[in-house]
Structures are given as C-alpha cells and as structure tokens.
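K.L.:
Got a sequence here, can you build the structure:
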Amino acid sequence: MTASTPSKPFRFRDLPSEIRNKIYCILLCEFDHSSSEFGIVDDDFMEDVLRLPRVEHRIETSILRTSKEIYREAYDVMVKTNRFVKVTSADGMPVIGALSGQQTPVVTQEKFLVDQFKGYVLSVHFGLKKQRDNKPSRNPAWYEPLSAMILHRHLDKLCQGIKDGDAHSPGFSESLKISIRMAPVLDNIRSNNIMPSFDGFFSEKMQKTLFAPLRVNLHGYKGVEVKGHVDRVVAIALRQDIAKDPYSDPAAVMTQYIVAKEEGTRLFQEGQVELGCLKWQDATVEIDMLIVSSSWPDLVRQGKEEFVSQLAQVYFIMRLNIIHVQLSNWSESSFVAEVLADDSLNCAFKSLKQDYWVKGYKHIVSATHRAELLFRYATFLRLQADPGNKERALKFINLALQRQPGDPGILREKDTILEWMRQL
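P.N.:
Purely as a prediction, here's the structure:
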C-alpha cells in the first residue's frame, strides 16, 4: 500500500461469522473448566458456608455495548455456549448446605446480579411443598434463601447436593417442591427488540439435554412442576422420571453399598484417605435417606430381616471407618474432624437402637465391633479436651476393655486418658 492509498477503517462485522463467533467465545465464554482436587475443607470455609466456590472466568462484556448488531450476535453466542442456570430456594430449605457439601461452583451468588441478568436457559427453584415442623439446630446459614447463577455443566453437582438434603435436615425431601422453567430467556425477547431470537435452539432435543442432569440424578421427588417454553411430552416425562422411586430391588441395593464400602477401603489402603472417606460418607448418607424414603417399606417387605441385617452391618462398618479417619485427622483440621466424627458416632450408636431400621428389629454387632465403637468414642471425648467429659471418657474406655480384654490399642488409649486426667 502506497502513501497515497487511502486506508479503510476496520469493520468488525466484515469478518466471517465463524471468526466473529470465536471472538465472542473468547470474550464471553472463558470459564475455567478445571476441577479442583478434593482435599479436607478448612475450618474457615466450614464457619462461612454462605460462600460457595466461584467459577473462575475472564469475561469482557464491553463488546456488548459496541452496536445493536454485535450485541445480538454476541449475546446469542454467550447464552448458547455458557447455558446459564438460575438457582433459587425458599427460606428454611438447606440448599446452601447441600451445595456447600458438593462444592458446587457458582458464577455469582449476589442476588441483585442474579436478578438483573436475563440470559439463562433454565431456572430451578427449591420451595416448600408443606410447612416443616423441625427447625435447624446447627449451621443456620445453610437454611438462608439462595439466589445463584451456575453453569449447566455444574447442574449435576447441584443435584447430588440436593440428594443429600435429608442428611442435612430430616424430612427435606418430603417437604420439597421443585419448580423447573425451560428457556426463561425467551420471555425477555418480547420486551427487548435487540435481543437475539434463539430460533430453533430450544428444540425438543435441546430440552432433553438441558433436563438430563435433573432426570438422571433426582429420583423419588413427587412435588415437581415443569413450566416455560417446553414440549408437553418432554415435561411429563421429566416429572415422571423424577418421581420414580430410586430403589426397588433389595439385592441391587445391597450390591451397591457393598461395592461402595469396598471401593472406600481400596482408596484408603492406597493412601487416598480423604477420597476413601468421602466414598463412605456418600454411601452412609444415601442409606440414611433410604431408610426414611417411601422405597424403604417395600424393600424391607421383599428382602426381609436378612436384607435389613446385612445393610445395617455394612452401614455400621462404614461409620466406624469414617470415625477412624476423622480422629486421625484431628490435628490437621480439628473443627471439620470433630463435626464429622461426632456425626458418625451419633449415627453409629443410633443404628444399634431398637426399631431404628424397622419396627421390631435391633441390630446386634460383634463384641469386637462394639469395642471399637466404644474405644473411638472415648478417644473422641479425650480429643475434645473438655474436662467435664473426663469421667465419661474413662467409663467408655473401660467398657471397651470389658469387650476386648487386653487389647493393646485400647490399653494405650486408657493410659492416655488417665494421663490427661492427671494433668487437669
């Protein structure tokens, strides 16, 4: 080009559409896809459960202000690529706790930002089907109303957290009403003439794709409504799939939890202690939910006492394993270890009570396993370092010795407890 040749101004829209779309993706869709490795959650997080992990992003929205045409193109790419999902919950529902337990990433948890943004492809609201009698006794922040925006690819984590709801708050699933709305972004088009049309995007196939994490992960929930721009047959199928009981075959249930116990043991023996413990925790929480679900009476009817006894034993062993791991972790993260050990101790003791599993049945464990539970409870009391529990710790270590006389580990713990008592 010579000095006399006039230069033409660069016009972005002169670029091929494929190039423009790639630029839009770079500017508006660069969310971090990497998943963080599992580790022990620190005490600060446990004390501030309102803060959910954020999705890392490098979004530059200034291109949306360039022109109406570019806004329409860029917004279209942003919505179709990111597939934002709005998640809200009613006051009194432990949804924040459920998401925290699964470390579900969120784009934002700021209510005014969530309410301001209209480009989400799906909304899910967790409300109350009926008023709940029980009040939160621990971690009240978990029961605060939630308003968050997540990416569709993290919807399965949200569903996994919801499945744990009964563990956080008994009766959660019975009182839960789930309201799902397809394609809320289309409602905003009518009042905004510069919005893209999304013609053809929300096809029947895409609706099934967007619903898939809900259909695959959520089962046994009867209070579900599906609204919005959704095919009637697809909506009915989703409601029916979510309403189905997740358990119907006692043999399959037993196999599932035996495999989970063995998988946790394998991970533990390979040195992946936290992952092994997580496997046991997930399995025991599922069993906790199972025995209060509508599926349980029919499973008991089919499997009879043999099924109940086998499941109770697998459950008890996994709870013992969790207690062992958390007592070992005490020095690294005492707050978390105390909470998790306390929970599993309570669950293990309750599982041995009359009528816990089914009316008229009481699960009996061997003297060795009973001694292990008493021994670990005494150790737990000592590690809490509450002088008011010293006599109780000594009592339970002596009860453990009665069932396992001369056991070296129990004798060492008794000496440690006696030394602790002398120092008080």
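
K.L.:
Just name the shakiest helix or strand of the protein by mean pLDDT.
P.N.:
For the chain, the helix or strand with the lowest mean confidence is helix 43-47, at a mean of 43 (criterion: mean pLDDT, DSSP states H and E).

K.L.:
got the buried residues for whichever helix in the chain runs longest?
P.N.:
The helix that spans the most residues within the chain, counting by DSSP state H, is helix 296-328. Judged by neighbour count (16 or more other CB atoms under 10 Å), helix 296-328 contains these buried residues: 296, 299-300, 303, 307-308, 310-327. Yep, even glycine has a C-beta here, placed from its N, CA and C like the rest.

K.L.:
and if you look at stretch 359-369?
P.N.:
Taking 16+ other CB under 10 Å as the basis for neighbour counts, the residues of stretch 359-369 that come out buried are 363, 365, 369.

K.L.:
Now it: average pLDDT?
P.N.:
Taken as a whole, stretch 359-369 has a mean pLDDT of 97.

K.L.:
quick one: contacts of that stretch?
P.N.:
The list of residues contacting stretch 359-369 from outside it, by CB atoms under 8 Å, 6 or more residues apart in numbering, reads 305, 308-309, 312-313, 316-317, 320, 351-357, 373, 403-404.

K.L.:
Hmm, Met246 is touching Gly220, no?
P.N.:
No, residue 246 isn't Met; it's Pro. Yes: distance between Pro246 and Gly220: 5.4 Å, which falls inside the contact criterion (CB atoms under 8 Å).

K.L.:
tell me, what residue is most central in this protein?
P.N.:
For the chain, the residue nearest the mean C-alpha position is Gly161 (2.2 Å; CA atoms, centre = their mean).

K.L.:
Could you pull up the contacting residues of the residue nearest to that one when sequence neighbours are not counted?
P.N.:
Nearest-residue entry for Gly161: Ala98, 3.5 Å, with adjacent residues in sequence omitted and distances by CB to CB, 6 or more residues apart in numbering. For Ala98, the set of contacting residues under the criterion of CB under 8 Å, 6+ apart consists of 142, 158, 161-162, 164-165, 168.

K.L.:
So what's the residue count around Gly388?
P.N.:
The number of residues packed near Gly388 is 8, by other CB atoms under 10 Å.

K.L.:
Also Val87?
P.N.:
As a burial measure, the neighbour count of Val87 was computed by other CB under 10 Å and equals 24.

K.L.:
Excluding residues flanking it in the chain, which one is nearest it?
P.N.:
Using CB to CB, 6+ apart, the nearest residue to Val87 is Ala148, at 4.9 Å.

K.L.:
I'd like the distance between the one you found and Asp231.
P.N.:
Ala148 sits 27 Å away from Asp231, going by CB to CB, to the nearest Å.

K.L.:
Between these two, point out the one with more neighbours.
P.N.:
Applying other CB under 10 Å to Ala148 and Asp231 shows that Ala148 carries more neighbours, namely 24 against 14.

K.L.:
from what I can see the more buried one touches Val85, true?
P.N.:
No: when contacts are counted by CB under 8 Å, Ala148 is not listed as touching Val85 (9.1 Å).

K.L.:
how about the strands in this protein?
P.N.:
84-89, 120-128, 147-151, 176-182, 224-228 (DSSP state E).

K.L.:
Give me the angle between the second one and strand 84-89.
P.N.:
Orientation note: strand 120-128 sits at an angle of 10 degrees relative to strand 84-89 (axes from the mean of the first three to the mean of the last three CA atoms, to 10 degrees).

K.L.:
chain center to stretch 328-346, what's the gap?
P.N.:
Taking CA atoms, centre = their mean, to the nearest Å, the mean C-alpha location of stretch 328-346 is offset from the chain mean by 19 Å.

K.L.:
buried stuff in it?
P.N.:
By neighbour count with 16+ other CB under 10 Å, stretch 328-346 contains the buried residues 329-330, 333, 336-341, 343-345.

K.L.:
out of those, what pair is the most spread apart?
P.N.:
Ser333 and Leu345 (17.2 Å; CB to CB).

K.L.:
what number of residues lie near His152?
P.N.:
With neighbours defined by other CB under 10 Å, the count for His152 comes to 17.

K.L.:
so Ile162 sits right up against Leu218, yeah?
P.N.:
Yes: counting by CB under 8 Å, Ile162 does reach Leu218; the two are 6.6 Å apart.

K.L.:
Please identify every residue contacting each of Pro246 and Gly220.
P.N.:
The contact lists of Pro246 and Gly220 share 293, 295, where a contact means CB under 8 Å, 6+ apart.

K.L.:
low-scoring stretches of the protein, by residue?
P.N.:
1-70, 131-139, 167-168, 190-195, 332-333 (pLDDT under 70).

K.L.:
how near is Ile189 to Leu399?
P.N.:
In this structure, Ile189 and Leu399 are separated by 69 Å, where distance is defined by CB to CB.
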